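K.L.:
Sequence first, then the predicted structure, then my questions.
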There are 2 protein chains.
Amino acid sequence: MKELDPLLHSQLRLAVMSILMNVDEADFVYLKEKTESTAGNLSVQLDKLSAAGYITVSKGFVGKKTRTTCRVTDAGRTAFEQYVEALKDYLNL
Amino acid sequence: MKELDPLLHSQLRLAVMSILMNVDEADFVYLKEKTESTAGNLSVQLDKLSAAGYITVSKGFVGKKTRTTCRVTDAGRTAFEQYVEALKDYLNL
DNA sequence: ATTATTTGGTTTATATTATAAACCGCTTTA
DNA sequence: TAAAGCGGTTTATAATATAAACCAAATAAT
């Protein structure tokens, strides 16, 4: 049985990656709403994905307010796809 | 986004359930080999699945040696199927 | 026949993880 | 100018996964 990438095998990180796979970019507030997570938890998990090189996190401004934007990287995309393939074995798909 | 049953969202427990979904029953030694897990880890995770009512664990003898046999219950089957459906959303399947 | 060794596990300790709570700086509103 | 919100981060706590240590019974070796 293939190993399941532990970085992706976490509900919140997987949800974030899943969203980012489908949109060009998404900001912190959007991800928080979509995933129904707390800000603290989301912040931590984004850091981990970022540290792993699976996403990029960039901070900018929209007017006077800060805006944190996330994108999936090529490495993240590949990791996600491999994770999906590995999971299929487990799910009998 | 649907919640992912935390009992199933664990590599080893998922592997065990995945195996049990396909065979009528499987014993401890077989599960250990197939999942490449340590006995301690497997023992703990089988207990959890059993406590949740997802599997039954029965101890018997084959000759003079003990034999621990596991089967998935109807509740386990249902939970597994729901988990798979929920995951599909995340994986974009 | 007694002393290893192996088999089939369980229990307990530890490291990792997920999660929430508390906090912080900046803005807007009262 | 105080207080309330927004957009987060940091830190503490609870839960989880995992391995290490252990145990009893059976088999093998001396």
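P.N.:
That came through fine.
K.L.:
correct me, but residue A:45 touches residue A:15?
P.N.:
No: judged on CB atoms under 8 Å, residue A:45 makes no contact with residue A:15 at a distance of 9.1 Å. C-beta coordinates here come from the backbone N, C-alpha and C atoms, glycine included.
K.L.:
residues shared between the contacts of these two?
P.N.:
By CB atoms under 8 Å, 6 or more residues apart in numbering or on different chains, residue A:45 and residue A:15 have these common neighbours: residue A:37.
K.L.:
how about the strands of chain A, start to end?
P.N.:
For chain A, strands defined by DSSP state E occupy the ranges A:26-27, A:55-62, A:65-72.
K.L.:
Show me what the last one is packed up against.
P.N.:
If I follow you right, that is strand A:65-72. helix A:11-22, strand A:26-27, helix A:28-35, strand A:55-62 (3 or more CB pairs under 8 Å, 6 or more residues apart in numbering or on different chains; DSSP states H and E).
K.L.:
try 10 Å this time
P.N.:
Here strand A:65-72 touches helix A:11-22, strand A:26-27, helix A:28-35, helix A:39-51, strand A:55-62, helix A:74-91, going by 3 or more CB pairs under 10 Å, 6 or more residues apart in numbering or on different chains; DSSP states H and E.
K.L.:
what's the angle between that strand and helix A:74-91?
P.N.:
60 degrees (axes from the mean of the first three to the mean of the last three CA atoms, to 10 degrees).
K.L.:
and the helices and strands packed on strand A:65-72 as TSV, adding mean pLDDT and distance to DNA strand C?
P.N.:
Shown next, in TSV, are these (pLDDT from 0 to 100; distance: least, CB to the nearest atom of the strand, whole Å):
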stretch	mean pLDDT	distance to DNA strand C
helix A:11-22	96	5
strand A:26-27	96	15
helix A:28-35	96	10
helix A:39-51	96	2
strand A:55-62	95	8
helix A:74-91	95	13
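K.L.:
Need the winner for burial among these.
P.N.:
helix A:11-22 (a mean of 21; mean count of other CB atoms under 10 Å in any protein chain shown).
K.L.:
how about that helix against DNA strand D, any contact?
P.N.:
No: Helix A:11-22 lies out of reach of DNA strand D by CB under 7 Å from any atom of the strand, never closer than 11.0 Å.
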